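Participant: Predicted structure and sequence below. I'll ask about it afterward.
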2 protein chains.
Amino acid sequence: MSKTLVMKFGGTSVGSLERIENAARRVIKRLQEGYRVVVVSSAMAGETDRLINLAKQIDRFPSEREVDMLISTGEQQAIALFALTLNKLGVPAVSLCGWQVPIITDKVHTKARIKKIGIQRIKNLLDEGYTVVVAGFQGVSEDWEITTLGRGGSDLSAVALAYALNCDCEIYTDVPGVFTADPRIVAKPRKIPYISYEEMLEMASLGAKVMQARSIEFAMRYGVRIHVRSSFSEEEGTWIVPEEEVMEKVEVRAITLDTKESRFTVVRVPDRPGIAYSIFKALGDAHIVVDMIVQNVSHQGYTDLSFTVNKADADKAEEIVRRVAKEIGAEGVERDDHVAKVSVVGIGMKSSYGTAAKMFEVLYRNNINIMAISTSEIKISCLIEEKYGELAVRELHSAFIEEGEKVQVINS
Amino acid sequence: MSKTLVMKFGGTSVGSLERIENAARRVIKRLQEGYRVVVVSSAMAGETDRLINLAKQIDRFPSEREVDMLISTGEQQAIALFALTLNKLGVPAVSLCGWQVPIITDKVHTKARIKKIGIQRIKNLLDEGYTVVVAGFQGVSEDWEITTLGRGGSDLSAVALAYALNCDCEIYTDVPGVFTADPRIVAKPRKIPYISYEEMLEMASLGAKVMQARSIEFAMRYGVRIHVRSSFSEEEGTWIVPEEEVMEKVEVRAITLDTKESRFTVVRVPDRPGIAYSIFKALGDAHIVVDMIVQNVSHQGYTDLSFTVNKADADKAEEIVRRVAKEIGAEGVERDDHVAKVSVVGIGMKSSYGTAAKMFEVLYRNNINIMAISTSEIKISCLIEEKYGELAVRELHSAFIEEGEKVQVINS
């Protein structure tokens, strides 16, 4: 029996009928190489935003259950068009919605988690010679409600299906792979041939738009090998694989910039136990992910508490935080939408010293003030003013990546 | 327990967010009157056509299974937006796709028939105080394939749900009811307050766009009372009810015009038994409905066979008929897309004489040639050249309906 392959196409890769045809031809190439293919498709570029915008025109905080009902149609349209295109090109193909696979999730609308995948129907179709085109991003709860997996959730659909079918996963996108920095910011970024799950995960969490963080987490947990590549060229992209498969362990693999967060500061919070809890509990209950948290040293029994959340959640967060701030007797809440998080990421950091110091030095030399810092074993992030974001990326790329490539010639 | 009502809104009634809000306010009015409401919504005006057009850009004869997958998204979007609008206006509402109800159909894609409706989920939601918004037009087969019920199938969804819930069915549309003729053709048509299923059925089959024929058939079989009315005004519309509830039995209730058919003529068919069968069997197998059939008297062992089909099926029909014509040794196939079927409809015809003669006379007086005639107990149809269609309607309306209203004053 020939090998199976999951091929996932993002919104730009299926953004028009011509692009769908281009994607279909990539699929046919794989079929000719002997693979059995499961396609996972996103909605056509722009469609999900268009639908969300409609919902928001009706209600600023629309019912998430109905939002899922609405936006899941984007992928459903794309898979039907994809299957029709494959048919037209002579390939027997069948499209399946999430509930038809089924991809069973929990009940958290707009951010559901996959619980189970039934693969019998897909396997039967593959056995019968069909190429199967599955709607990304969507699933179904056990009580037959349509759910979606969160922004970029089609990646998760693809990786989960690759796991379920025990095969590799190709992610086709509009860039030729993962780069050391955003090519729109840095003049000569390098394409990374192999990157570990951990590094990719940090990069995704830090605003690199290549893949959704949860899907990399999932791939890491289950060891799914991912190949991120361009749907518009044949060149090899970037393999996301276990750390031991990555040959070269550099100190800093990449520089990222994230301008999708808003910073909130709760001003003059009474410094009592349970105060932070009451704020972050309320945000957690609303399924809002809080990122960088900074609490200043207490001053006369009061402190300032800052944190960042995704801009998409900022309106909702503001409502909640203002309510809680009143309840706990804080002086007020400040919101800043003009912040940027710049980060350096690399597995090699684990075994090298002074990465943080070098980063702070670069920012300092460029007169960039640091508002907050967060670190992990393999990354360091600094929150700065948004207007310095691109400058910071360029300077850090130059210091960590371009310098690192210079071979020192010793005269002796 | 309060009474239940099905309220169905057509594409123009949900054609924009403003119109959806207008429709939602009609629902709220009914809720305030004490009804429990099940809304059935079509896709936003134009959306189904847009999607079918996309499919046809890929493939002139797209897979009907994939077409159903594609076009069912139109209603799904509309119900989510409808439910969000009701929510925004303070009404708890939940939308349901066909497969979630479930509305179970056979497997004939794009023209499926309803086999079963599960009403427990809807009943539970109504009991919990929700208004339920169901996607019209779509169902699900027993092997979990999305099906659609054919053009105008949302009417069928509504009537079938009204039957299942044992309640009346309001059909909201962009006209204030059923008229004696198309107001765009006849200057002063009359709104019909009550019309029998049989008459309405004939009118629908004859091109009156008010309601889909199958849904009236269904209503007739199960005695569902239907009220067709405008979503833009409060005035009473037209009740479609059993014959015994219609007070006034006029000879001719209405005049209709249908320009949605194409005529085919198979030229010089050898006049042998089984020839008509081989043509119409092939069309039937492709689920193409044939309407008017005319076979001329045989001439030296050959005959011409004409029939009409819906223009939507004409391309497909042409392929089939050309193939069969070759097999049976006919001389050729002619296709005419410029025909019109003009009809007079009325229960009273059953008990009056000379309706046909009067119709032919009106056409004759206007020099309009009749290409084919078909009749039933309560209607007479003539196929004529398309360019005379509107003239014929006006003249017939004047002769049968306007004349009929004149009170004869007898001088005695």
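Facilitator: Cool, the structure landed.
Participant: Nearest spatial neighbour of A:Val186, chain-adjacent residues omitted?
Facilitator: A:His397 (4.8 Å; CB to CB, 6 or more residues apart in numbering or on different chains). Every C-beta, even on glycine, is put in place using the N, C-alpha and C of the backbone.
Participant: Flag every residue of the stretch 51-200 of chain A that's near chain B.
Facilitator: For the stretch 51-200 of chain A, the residues in contact with chain B (CB under 8 Å from any CB of the partner chain) are A:51, A:54-55, A:57-59, A:62-63, A:65-67, A:69-70, A:72-73, A:76-77, A:79-81, A:83-85, A:87-88, A:94-95, A:97, A:99-100, A:144-146.
Participant: Going along the chain, name the strands of the stretch 151-300 of chain A.
Facilitator: A:168-173, A:194-196, A:226-230, A:238-241, A:254-258, A:261-270, A:290-295 (DSSP state E, counting those that start in this stretch).
Participant: The first one to strand A:226-230, inter-axis angle?
Facilitator: By that I understand strand A:168-173. Strand A:168-173 and strand A:226-230 meet at an angle of 30 degrees, taking axes from the mean of the first three to the mean of the last three CA atoms, to 10 degrees as the criterion.
Participant: For strand A:168-173, which strands pair with it and how are they oriented?
Facilitator: strand A:4-9 (parallel), strand A:226-230 (parallel) (DSSP bridges).
Participant: pLDDT on that strand, on average?
Facilitator: Strand A:168-173 shows a mean pLDDT of 96.
Participant: Show residues contacting that strand.
Facilitator: With CB atoms under 8 Å, 6 or more residues apart in numbering or on different chains as the test, strand A:168-173 has contacts from A:5-10, A:12-13, A:23, A:26, A:155, A:158-159, A:161-162, A:210-211, A:219, A:224-231.
Participant: same question, the second one
Facilitator: By CB under 8 Å, 6+ apart, the residues outside strand A:194-196 that reach it are A:178, A:203, A:238-243, A:245-248, A:253, A:347.
Participant: Over to stretch A:240-254?
Facilitator: Contacts of stretch A:240-254 (CB under 8 Å, 6+ apart): A:178-181, A:192, A:194-200, A:203, A:208, A:211, A:216, A:219-220, A:223, A:225-228, A:239, A:344-349, A:351-352, A:355, A:396, A:400-401, A:404.
Participant: Narrow these to just the buried residues.
Facilitator: Taking 16 or more other CB atoms under 10 Å in any protein chain shown as the criterion, what is buried in those is A:178-181, A:192, A:194-200, A:203, A:208, A:211, A:216, A:219-220, A:225-228, A:239, A:344-349, A:355, A:396, A:400-401.
Participant: contacting residues around whichever helix or strand A:Glu18 is part of?
Facilitator: A:Glu18 is located in helix A:17-32, with elements delineated by DSSP states H and E. For helix A:17-32, the external contacting residues (CB under 8 Å, 6+ apart) are A:5, A:7, A:9, A:12-14, A:37, A:39, A:41, A:78, A:81-82, A:85-86, A:89, A:91, A:131, A:172, A:231-232, B:54, B:57-58.
Participant: chain center to stretch A:273-284: distance?
Facilitator: Chain-centre distance of stretch A:273-284: 26 Å, with CA atoms, centre = their mean, to the nearest Å.
Participant: Now that stretch: buried residues?
Facilitator: Per 16+ other CB under 10 Å, stretch A:273-284 contains these buried residues: A:Ile275, A:Ala276, A:Ile279, A:Phe280, A:Ala282, A:Leu283.
Participant: Residue of the stretch 101-250 of chain A nearest chain B, please.
Facilitator: The nearest approach of the stretch 101-250 of chain A to chain B comes at A:Trp144, 5.6 Å away (CB to the nearest CB).
Participant: Surely that residue touches A:Trp99?
Facilitator: Yes: using CB atoms under 8 Å, A:Trp144 is in contact with A:Trp99, at 7.2 Å.
Participant: Mind listing the shared neighbours of these two?
Facilitator: Contacts common to A:Trp144 and A:Trp99, judged by CB under 8 Å, 6+ apart, are B:Trp99.
Participant: okay, these two: which has more neighbours?
Facilitator: Neighbour count, other CB atoms under 10 Å in any protein chain shown: between A:Trp144 and A:Trp99, A:Trp99 has more, with 24 against 14.
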